[in-house]
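[1] what follows is a protein structure lacking sequence information:
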């Protein structure tokens with residue numbers, strides 16, 4: 001797993017790319033540091049499932065395009 005920070009809020013996670021389509025994310029801090037997830041929880045507090053942070057997803061995809069995250073060849 002490789003460390004990565006969200007370009008929007010700076011929240012740090014560990015990321016593993018098993019392929020272009022498969023991404024494993026492990027949060028290393030509480031998700032309340034994520035601006036997008038915190039805003040969602042304030043709007044919909046009763047929801048059990050938390051959606052994906054689109055800003056973090058974009059940060060991961062950008063890191064892949066720049067070659068900063070390793071993606072094994074299939």
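    Right, received. Where do you want to start? All of these numbers come straight from a predicted model, not from anything done at the bench.
[2] what about residue 13, which helix or strand?
    Element membership of residue 13 [criterion: DSSP states H and E] is strand 12-17.
[3] equivalent analysis for residue 64, please.
    Remark: residue 64 resides in helix 54-65, with elements defined by DSSP H and E.
[4] what about that helix, distance to the chain center?
    Relative to the chain's own centre, helix 54-65 is displaced by 7 Å; criterion: CA atoms, centre = their mean, to the nearest Å.
[5] the inter-axis angle of that helix versus strand 12-17?
    50 degrees (axes from the mean of the first three to the mean of the last three CA atoms, to 10 degrees).
[6] now do helix 54-65, average pLDDT.
    What helix 54-65 shows for mean pLDDT is 94.
[7] helices or strands up against that helix?
    Judged by 3 or more CB pairs under 8 Å, 6 or more residues apart in numbering; DSSP states H and E, helix 54-65 is in contact with strand 2-5, strand 12-17, strand 23-27, helix 35-43. In short, each C-beta sits where N, CA and C put it, glycine included.
[8] of the ones you listed, flag the one that's most buried.
    strand 12-17 (a mean of 17; mean count of other CB atoms under 10 Å).
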